[in-house]
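Novice: What follows is a predicted protein model with its sequence.
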Amino acid sequence: MPAASTEPASLLSEVALTLLPGIGPLVTRQLIGYLGSAQNVLEASPGRLLKVPGVGPALVNVLRNSAGALRQAELVLRRAEHEGVRLLYYSRPDYPARLRPVPDAPVLLYFQGPADLNNPRTLAIVGTRQATDYGREQTEKLVRGVAPYQPLIISGLAYGIDIAAHRAALQEGLPTVGVMATGSDGMYPAAHRRTADKMLESGGLLTEFPFGTGPDKYNFPARNRIIAGLADGTVVVEAAQKGGALITAELALDYNREVLAVPGNLGAAASEGCNLLIRNQQASIYTGPQDIEQTLNWDQALHPMPPAPALNPADFTPEEFRVVEVLTSRGEQQIDELSWQAQLPVHQVASLLLALEFRGLVKALPGKKFALL
């Protein structure tokens, strides 16, 4: 192990774990679920690591040779601080709540900008890079129509519908976040740098890729799961029969999020994907902003019930807060499902629920379910 860093050891270990080869989000959650923290994972003995299901000698060897990743993590932390990039780790309270339950969501996000990623209303708008005048017009009308609800508009900064959505949001004074397929120090396509800079004033730029990552073709499908996971609903404005927009729609469906599609003329190449989504009942038809309002229950949002008192993370241990967040966002849960969503061992969740029940914050329900009071 290298000499101690001036950065918090926990954050240093969390970043380092994401820089090790062959350790993706699912494996990371498995390791931390059994060993408690990234720091514990990196400091664990080979014997203890081998007791974690799915961990073999090759992975143990990677984890036991983490000195280089720790040194690299120190550089990442310093650069992030210098460039105003926030590091959002999945086990921390500032990680996007909608993304946390997604099984393959990144464990670490790099975020620039003032946008609230937990905005009460979030909407992804995606589509083809070869957008038509019709597609751009529908995108602008859509954003203008939902502007009274002040949603966070999410897209991927690509040519076509993506950049039209971002620019329409800026025009309407809405926060908009671009999910990047590069590191936060990159920009693809470079032609959108000026728009991205404007987005940083009230929205932001988000990526899972570390500094120095270029626009590898495999990064684009990967970033689509972040777009789908961050949004309550995804609207596909124009899409061919194959492409990133349809991948995003499929992911949104997998995450039990709402999908809408803008219909187009029969035979129009840019609308074939949207028409198929509607025909196959994979997407609700979009005919105007009222469809979004009704599908996502935004028509009740302008006259909401008084909000529940905000939960203060300082009142809980990090593990307790993860359990409370799941119960807040997903309602009553069985203990096994709660364990998976919170990424904590079942025995630990049982203990945490008991403690929260004694504090009058959680109640047990029939069917071995639990809910917040």
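Specialist: It's in. Small disclaimer: the values here were computed from a predicted structure and weren't measured.

Novice: alpha carbons only for contacts and neighbour counts from here, please
Specialist: Will do.

Novice: Helices of the stretch 251-373 of the chain, residue ranges please.
Specialist: 272-279, 289-295, 318-330, 335-342, 346-358 (DSSP state H, counting those that start in this stretch).

Novice: most packed of those helices?
Specialist: Mean neighbour count, computed with mean count of other CA atoms under 10 Å, is highest for helix 272-279 among these, reaching a mean of 22.

Novice: what's that helix in contact with?
Specialist: Residues from elsewhere that reach helix 272-279 (CA atoms under 8 Å, 6 or more residues apart in numbering): 236-242, 246, 261-264, 266, 283-285.

Novice: Bridged to the closest residue to residue 166 other than its chain neighbours, which residues?
Specialist: Excluding its sequence neighbours, the residue lying closest to residue 166 (CA to CA, 6 or more residues apart in numbering) is residue 176, at 6.1 Å. Beta-bridge partners for residue 176, by DSSP bridges, are residue 153.

Novice: measure residue 176 to residue 213 for me?
Specialist: Separation of residue 176 from residue 213 (CA to CA, to the nearest Å) stands at 23 Å.

Novice: the more surrounded of these two?
Specialist: residue 176 (33 against 15; other CA atoms under 10 Å).

Novice: from what I can see that one touches residue 170, true?
Specialist: Yes. Counting by CA atoms under 8 Å, residue 176 does reach residue 170; the two are 7.3 Å apart.

Novice: tell me the centre residue of this structure?
Specialist: The structure's the chain has its C-alpha centroid closest to residue 99; by CA atoms, centre = their mean the separation is 3.7 Å.

Novice: ok so, going back, now for residue 176 and residue 170: what residues contact both?
Specialist: Common neighbours of residue 176 and residue 170 (criterion: CA under 8 Å, 6+ apart): residue 199.

Novice: now the residue nearest to the centre of the chain: how far from residue 228?
Specialist: From residue 99 across to residue 228, the span is 9 Å (CA to CA).

Novice: try residue 89
Specialist: Taken as CA to CA, the span from residue 89 to residue 228 is 19 Å.

Novice: quick one, which of these two is more surrounded?
Specialist: residue 228 (33 against 19).

Novice: Quick check: which of the helices of the stretch 251-373 of the chain is nearest to residue 147?
Specialist: When those are compared by CA to CA, helix 289-295 sits nearest residue 147, at 9.6 Å.

Novice: Any regions of the protein where pLDDT drops low?
Specialist: For the chain, the stretches flagged by pLDDT under 70 are 1-9, 300-311, 367.

Novice: counting contacts, what elements does the lengthiest helix in it pack onto?
Specialist: Longest helix in the chain, counting residues (DSSP state H): helix 67-83. On a contact count with 3 or more CA pairs under 8 Å, 6 or more residues apart in numbering; DSSP states H and E, helix 67-83 meets helix 9-19.

Novice: Buried residues, stretch 362-369. List them.
Specialist: For stretch 362-369, burial by neighbour count (16 or more other CA atoms under 10 Å) applies to 362-364, 369.

Novice: Throw those residues into JSON lines and include distance to residue 189, thanks.
Specialist: Output for those, formatted as JSON lines (distance: CA to CA, whole Å):
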{"residue": "362", "distance to residue 189": "48"}
{"residue": "363", "distance to residue 189": "51"}
{"residue": "364", "distance to residue 189": "51"}
{"residue": "369", "distance to residue 189": "48"}
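
Novice: May I ask which two of the residues you listed are separated the most?
Specialist: 362 and 369 (10.5 Å).

Novice: picking up where we left off before, compile the helices of the stretch 251-373 of the chain into TSV and extend it with columns for distance to residue 140.
Specialist: TSV is the format used below for the helices of the stretch 251-373 of the chain (distance: least, CA to CA, whole Å):
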stretch	distance to residue 140
helix 272-279	18
helix 289-295	11
helix 318-330	31
helix 335-342	36
helix 346-358	46
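
Novice: Tell me which of those helices lies nearest to residue 77.
Specialist: With CA to CA as the measure, helix 318-330 is the member of those nearest residue 77 (21.3 Å).

Novice: Please enumerate residues in contact with the closest one?
Specialist: Helix 318-330 is contacted from outside by 91-93, 97-98, 101, 313, 333, 338, 341-342, 344, 349, 352, 356, 370-372, using CA under 8 Å, 6+ apart.

Novice: Looking at the contacts of helix 272-279, state which has the most neighbours.
Specialist: That'd be residue 238 among these, by other CA under 10 Å, with 34 neighbours.

Novice: chain center to the host helix or strand of residue 225, what's the gap?
Specialist: Here residue 225 sits within helix 219-230, counting by DSSP states H and E. Relative to its chain's centre, helix 219-230 lies at 8 Å (CA atoms, centre = their mean, to the nearest Å).

Novice: In terms of secondary structure, what does that helix contact?
Specialist: Packing partners of helix 219-230 (3+ CA pairs under 8 Å, 6+ apart): strand 122-126, strand 152-155, strand 176-179, helix 244-254.

Novice: residues in contact with that helix?
Specialist: For helix 219-230, contacts defined as CA under 8 Å, 6+ apart pick out 96, 98-99, 102, 105, 117, 122, 124, 154-156, 179-182, 207-208, 234, 244, 247-249, 251-252, 255, 257.
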